[in-house]
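Q: Need coordinates for the below:
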Amino acid sequence: MTDLYTLTACSYLQYLTSAIGYLEQARDQASELEVSLEDMVNASLFPDMLPLHFQVITIAHFSDTAMHAASTSMISGPNMDLKLDFQGLIDHLKTARSHIAGLDKEQVNAAAGGEVIFQYGDTILPFTTEDFFLTYALPSFYFHVSIAFGILRSLGVHIGVAHFLGTVRATPSPSLPASAQQLTGAQYLDTLKPLALPQ
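A: This next block holds a predicted model:
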């Protein structure tokens, strides 16, 4: 049986935590960078791309709302009526993370083998639950996490790969010799953090 919880919730929690972290870094560095938080909310990578506000709303949609869709079998597009300031965007992701952290693993796994139908206007996309996550929701989530990161980096926020990856799920290997220094995810994160410091 598919371990849907590990494939979805665990990955969502890792990258929601990292997205919250780099947004908080941006908030704390805004004054030093002489960029207003309002300008950050409205910033985009290119004039014809949607701004940070859209990216963050969509991050929550393709994680929290997507997980809910596994039980209801239906999902539509992101809620574009939301109007959040910078702290509101951070809180929106914290709420999404809290919802996912509270999910029951067995209930999530019980949704495997079902279906999720995406309907947005006249567009209808039917998926198996696994294909919904692996070919649509998770790739969309990672895309918007990447774009949000890129927007903040383009504004000069000192963030790097450590802030993007967060704490990876490393598992000690019994096949390596005892002398091998096997890092935990947290230890690896510590080795990456200096890469984000201004040179």
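Q: what's in contact with the longest helix seen in the chain?
A: Ranked by number of residues, the top helix in the chain under DSSP state H is helix 11-33. Helix 11-33 has contacts (C-beta atoms under 8 Å, 6 or more residues apart in numbering) with 36-37, 40, 56, 59, 63-64, 67, 86-87, 89-90, 93-94, 96-97, 100-101, 138, 141-142, 145, 148-149, 152, 155-159, 163-169. C-beta here means a position set from N, CA and C on the backbone, and glycine is covered the same way.
Q: per-residue pLDDT, the closest residue to residue 119 other than its chain neighbours?
A: Distances taken as C-beta to C-beta, 6 or more residues apart in numbering place residue 76 nearest to residue 119, at 5.8 Å, with adjacent residues excluded. pLDDT, residue 76: 94.
Q: How many residues are close by residue 76?
A: Neighbours of residue 76 under the rule other C-beta atoms under 10 Å: 14.
Q: residues touching it, list them.
A: Residue 76 touches 118, 119, 120, counting by C-beta under 8 Å, 6+ apart.
Q: For those residues, which entry has the maximal number of neighbours?
A: Busiest of the contacts of residue 76 [other C-beta under 10 Å] is residue 118, holding 18 neighbours.
Q: With adjacent residues omitted, what lies nearest to that one?
A: residue 125 (4.3 Å).
Q: looking at this, that neighbour is in a helix?
A: No. Counting by DSSP: H, G, I helix; E, B strand; the rest coil, residue 125 is not found in a helix; it is strand.
Q: roughly how far out does the helix or strand of the chain with the lowest mean pLDDT sit from the chain middle?
A: Counting by mean pLDDT, DSSP states H and E, the chain has its least confident helix or strand at helix 185-192, which shows a mean of 85. Taking C-alpha atoms, centre = their mean, to the nearest Å, one finds helix 185-192 lying 19 Å from the centre of the chain it belongs to.
Q: Strands - which of the contacts of residue 76 land there?
A: Of the contacts of residue 76, the ones assigned to strands by DSSP state E are 118, 119, 120.
Q: Out of those residues, which is nearest to residue 192?
A: residue 118 (35.0 Å; C-beta to C-beta).
Q: My read is that the closest one contacts residue 136, right?
A: Yes. Residue 118 is within contact range of residue 136, at 7.1 Å (criterion: C-beta atoms under 8 Å).
Q: tell me, what's touching those two both at once?
A: Common neighbours of residue 118 and residue 136 (C-beta under 8 Å, 6+ apart) are 125, 127.
Q: ranges for the helices of the protein?
A: Assigned by DSSP H, the helices in the chain fall at 4-5, 11-33, 37-42, 52-60, 66-72, 86-101, 105-110, 129-132, 138-154, 161-165, 185-192.
Q: Spatially nearest residue to residue 59, not counting backbone neighbours?
A: Counting by C-beta to C-beta, 6+ apart, the residue nearest residue 59 is residue 144, at 4.8 Å.
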